[in-house]
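Engineer: Give the three-dimensional model of this entry:
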Amino acid sequence: MVAIHSLDPSTCSTIRPEAVMVPLLVLFLLLALLVGVVLPAVWSRRPERRTAARAVLRLLVQALRRPGP
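Structural biologist: Alright, predicted model coming up:
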């Protein structure tokens, strides 16, 4: 027979909201970057869109490679 245990709120540790929100925000920003910049740079049929997306992608990569303050 399998015993099913209920979770007692007094014994469980609580998770802070910011511990969940920060990773979700980072995931959302990376997904937005992928959909808004990387995919048009690769799969657009219009040359001007590919060129603009490639320029934005180049600027983002340069900003990431720049040493911090």
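Engineer: what packs against the helix or strand harbouring residue 62?
Structural biologist: Assessed by DSSP states H and E, residue 62 sits inside helix 47-65. Packing partners of helix 47-65 (3 or more CB pairs under 8 Å, 6 or more residues apart in numbering; DSSP states H and E): helix 39-43. C-beta coordinates here come from the backbone N, C-alpha and C atoms, glycine included.
Engineer: now the helix it packs on: mean pLDDT?
Structural biologist: In this model, helix 39-43 has an average pLDDT of 79.
Engineer: can you list the residues that contact it?
Structural biologist: 49-50, 52-54, 56-57 (CB atoms under 8 Å, 6 or more residues apart in numbering).
Engineer: just stretch 26-33 next, same as before
Structural biologist: Against stretch 26-33 from outside (CB under 8 Å, 6+ apart): residue 60.
Engineer: Could you do stretch 48-55 as well?
Structural biologist: 37-38, 40-42, 44.
Engineer: contacting residues for residue 57?
Structural biologist: Contacts of residue 57 by CB under 8 Å, 6+ apart are 37-38, 41.
Engineer: switch to 6 Å and redo it
Structural biologist: 37, 41 (CB atoms under 6 Å, 6 or more residues apart in numbering).
Engineer: what about this structure, any weak spots by pLDDT?
Structural biologist: In the predicted model, the chain carries pLDDT under 70 at residues 1-15, 69.
Engineer: how does it look with 80?
Structural biologist: Counting by pLDDT under 80, the chain contains low-confidence residues at 1-19, 37-38, 40-42, 68-69.
Engineer: Cool, thanks, talk later.
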